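J.: just need the structure, nothing else, for what follows:
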Amino acid sequence: MNILALDLGTSSVRGLVLDADATPRPGALARRKVHLATGEDGTGTLDGPRYLACLAECLDELADAGHLRDVELVTASAQWHSVVPLDVDGEPLGPVLTWLDTRATPSAGAAGPTDLHAFHQRTGAWWHRGYWSVRLPWLRERAGTPAARFAGLAEYVLEVLLTEAPISVSMASGTGLLDLRRLDWDAEACDLAGVGPGELPPLAPMGWRGRLRPEHARRWPQLAGARWTVPVGDGAASNVGSGCVDPSRAAVTVGTSAAVRLIQPLPAGAALPPLPDQLWRYRVDHEHVVTGSAYSSGGNLFGWAKRELRLPEGAELEAALSRVSADGRVSANPRFGGDRPPGVAPAGSGELRGLSFGATAVDLFAGLMTGLCQLVAEDLALLESGVVQPAEVVLGGGAMAASAWWRQAFVAALAPREVRHQRHPEIGATGAALVALGRVADGARLGGIGRTDEAEAPNTVAGARPG
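T.: Next up, the predicted model:
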């Protein structure tokens, strides 16, 4: 049996074929970059139909190369928090708001939750611009055509492809409207969002499986008999793919954005452990929760700095970074894209401090990267307060693979913890496959996790042609 794992990310959409043990098939990767529209006003949106077209191109490429033969299961890792208003026919009434969009504000005169602490403990979220409790009323106020219902990017895409597309408890938890214990929409959160029955996607039961619509089965006949599982939130999938599936290991993942997270087993109906005020909590699946903190800056900051500071590439940049003073000539606030919940700093809050005429572009770059390391270290200490012993840390994500110097900067910031590196570049897809198989615990035994100073292992998916 083969598994097709889709990664519905912010900067790209990818399709990856794995074997029954969630090991990537060599060369069986297709990806397309997607355009994220951003603006100084806090805009961070995607074009839903164009995104869907990019996914279809990935499937076409995999099919043409023969990689979709023997695929029996399709799963997905998808970005949390996105939302798009839909009309009665399921067509988008505007762009998709991503996690990066900071424009939503509470309606004038709107009151928040009756008990902020109880709301946070129950939903794992806050009454905040990053969640649907604030986003949906804001979208309604600006809609030219009234929305019939709302969906996340993943639900919109899958509704087009499949005969039905309920929302997983993982994706629902990222909306901020889910009761994490009861695994049902939270009445107070839905009231704040101003939504009633039929305006939210139906919640998928445990073990749900879907099928392609007939017209798409004709386009991709290799997938006609495949079972589709509900998507897993990207952060949860990345933890599993990083081998961080219990409280003994925390994942620090740096892709487009960055996050530090810890998974705990917690079946539906079980009492929720106390949740620190500064941390969020979402669902991995019906049996596990993930707790952590996220940041708007990550690989996007890395890419911006390399481009705008006109830095050298590859080994030349690594060598220049190795000569930067250990105490750091420049310090930085890396919140270029504003705060993720619960913070409220707007986009454009980044800062550089300690500049002098002796500061170089490499000094500025190092200050930005170590600034993010320090934010992660502070939140990891808070995350560890709820577990028995300090966690081992596993670094993962594409941006971590790009710089040995940055990995060592994380090692220094997170000391004295043991810090390792998951070198596999497709941790989200691998993690989503393991969740779909009901084998979350097997993530602890994934290959590719080693010392941060080890030479890079061969990339088993490197043969794929980039989009």
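J.: give me the distance between residue 318 and residue 408.
T.: Computed as CB to CB, to the nearest Å, the residue 318 to residue 408 distance reads 10 Å. For glycine as for every other residue, the C-beta is placed from the backbone atoms N, C-alpha and C.
J.: right, I mislabeled it, should have said residue 334
T.: With CB to CB as the criterion, residue 334 and residue 408 are 18 Å apart.
J.: compare neighbour counts for the two and give me the winner.
T.: Ranked by neighbour count (other CB atoms under 10 Å), residue 334 and residue 408 place residue 334 first, with 25 against 16.
J.: in the stretch 151-300 of the chain, which spans are strands?
T.: 178-179, 184-185, 227-228, 232-233, 249-254, 258-265, 280-283, 288-295 (DSSP state E, counting those that start in this stretch).
J.: quick one: closest of those to residue 103.
T.: When the strands of the stretch 151-300 of the chain are compared by CB to CB, strand 288-295 sits nearest residue 103, at 18.2 Å.
J.: relative to strand 258-265, how tilted is the closest one?
T.: With axes from the mean of the first three to the mean of the last three CA atoms, to 10 degrees applied, the angle from strand 288-295 to strand 258-265 works out at 170 degrees.
J.: can I get strand 288-295 as CSV, trimmed to CA atoms?
T.: Extracted as CSV, the C-alpha positions of strand 288-295 are listed here (Å, rounded to 0.1, in the frame of the first residue of the first chain):
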residue,chain,number,x,y,z
HIS,A,288,-4.1,13.5,21.6
VAL,A,289,-3.7,17.3,22.2
VAL,A,290,-0.8,19.6,21.3
THR,A,291,0.1,22.6,23.4
GLY,A,292,2.5,25.4,22.5
SER,A,293,3.3,28.8,21.1
ALA,A,294,3.7,30.1,17.6
TYR,A,295,5.4,33.0,15.9
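J.: tell me which strands that strand pairs with, and in which orientation.
T.: strand 258-265 (antiparallel), strand 280-283 (antiparallel) (DSSP bridges).
J.: how about that strand: buried residues?
T.: 288, 289, 290, 291, 292, 293, 294, 295 (16 or more other CB atoms under 10 Å).
J.: next one: the fourth one from residue 405, what distance?
T.: Spelled out, that is residue 291. 29 Å.
J.: could you list the low-pLDDT ranges of the stretch 351-467 of the chain?
T.: The model of the stretch 351-467 of the chain has pLDDT under 70 over residues 388-390, 453-467.
J.: 50 instead, please
T.: 457-467 (pLDDT under 50).
J.: one more: the stretch 1-150 of the chain?
T.: Ranges of the stretch 1-150 of the chain meeting pLDDT under 50: none found.
J.: and what about residue 4, helix, strand or coil?
T.: strand (DSSP: H, G, I helix; E, B strand; the rest coil).
J.: which residues sit in contact with it?
T.: Residue 4 makes contact with 15, 16, 17, 18, 62, 68, 71, 73, 74, 75, 223, 226, according to CB atoms under 8 Å, 6 or more residues apart in numbering.
J.: please report how far the nearest residue to the fourth one once chain neighbours are set aside lies from residue 132.
T.: Distances taken as CB to CB, 6 or more residues apart in numbering put residue 3 closest to residue 18, at 4.6 Å, once the chain neighbours are dropped. Per CB to CB, residue 3 is found 30 Å from residue 132.
J.: residue 342 now?
T.: Taking CB to CB, one finds residue 342 at 15 Å from residue 132.
J.: and residue 286, by the same measure?
T.: For residue 286, the distance to residue 132 - CB to CB - is 21 Å.
J.: next one: residue 240
T.: Distance from residue 240 to residue 132, by CB to CB: 25 Å.
J.: which of the two has more residues huddled nearby?
T.: residue 240 (33 against 29).
J.: list the residues that contact residue 322.
T.: Residue 322 touches residue 405, counting by CB under 8 Å, 6+ apart.
J.: could the strands paired with strand 288-295 go into CSV alongside mean neighbour count, mean pLDDT and distance to residue 366?
T.: Compiled in CSV, the strands paired with strand 288-295 are given as follows (neighbours: other CB atoms under 10 Å; pLDDT from 0 to 100; distance: least, CB to CB, whole Å):
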stretch, mean neighbour count, mean pLDDT, distance to residue 366
strand 258-265, 24, 95, 17
strand 280-283, 26, 98, 29
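J.: among those, which is nearest residue 117?
T.: Across those, residue 117 has its closest neighbour in strand 280-283 (13.5 Å, CB to CB).
J.: need the residues that contact the closest one.
T.: Contacts for strand 280-283 (CB under 8 Å, 6+ apart): 80, 124-126, 169-170, 172-174, 178, 180, 183, 233, 235-236, 272, 275, 289-294, 341-342.
J.: residue 253 is in contact with residue 236, isn't it?
T.: No - under the criterion of CB atoms under 8 Å, residue 253 makes no contact with residue 236, lying 10.7 Å away.
J.: return every residue with contacts to both of these two.
T.: residue 261.
J.: then the top helix by length along the chain to CSV, C-alphas only?
T.: Ranked by residue count and defined by DSSP state H, the top helix of the chain is helix 361-384. Provided in CSV are the C-alpha atoms of helix 361-384 (Å, rounded to 0.1, in the frame of the first residue of the first chain):
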residue,chain,number,x,y,z
ALA,A,361,24.6,42.9,7.1
VAL,A,362,25.7,39.6,8.6
ASP,A,363,25.4,41.1,12.1
LEU,A,364,21.9,42.2,11.4
PHE,A,365,21.0,38.8,10.0
ALA,A,366,22.4,37.0,13.1
GLY,A,367,20.5,39.4,15.4
LEU,A,368,17.2,38.6,13.7
MET,A,369,17.8,34.8,13.8
THR,A,370,18.9,34.8,17.5
GLY,A,371,16.0,37.0,18.4
LEU,A,372,13.6,34.3,17.3
CYS,A,373,15.7,31.7,19.2
GLN,A,374,15.2,33.7,22.4
LEU,A,375,11.4,33.9,22.0
VAL,A,376,11.3,30.1,21.6
ALA,A,377,13.4,29.5,24.6
GLU,A,378,11.2,31.7,26.8
ASP,A,379,8.0,29.9,25.7
LEU,A,380,9.6,26.4,26.0
ALA,A,381,10.3,27.1,29.7
LEU,A,382,6.7,27.9,30.2
LEU,A,383,5.6,24.8,28.2
GLU,A,384,7.8,22.6,30.4
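J.: that one: which residues count as buried?
T.: 362-377, 379-380, 382-384.
J.: that older thread, tell me the one of the contacts of residue 4 nearest residue 205?
T.: residue 75 (16.4 Å).
J.: any residues touching whatever helix or strand the closest one lives in, and which ones?
T.: Using DSSP states H and E, residue 75 sits in strand 71-78. Surrounding strand 71-78, the residues in contact under the criterion CB under 8 Å, 6+ apart are 1-9, 17, 152-154, 158, 171, 222-223, 225-229, 231-234, 237-238, 428-429, 431-433, 435-437.
J.: ok, stretch 176-187 next?
T.: Contact with stretch 176-187 is made by 122-126, 128, 130-133, 169, 172-173, 189-190, 193, 195, 200, 203, 268-272, 281-283, 286, 289, as judged by CB under 8 Å, 6+ apart.
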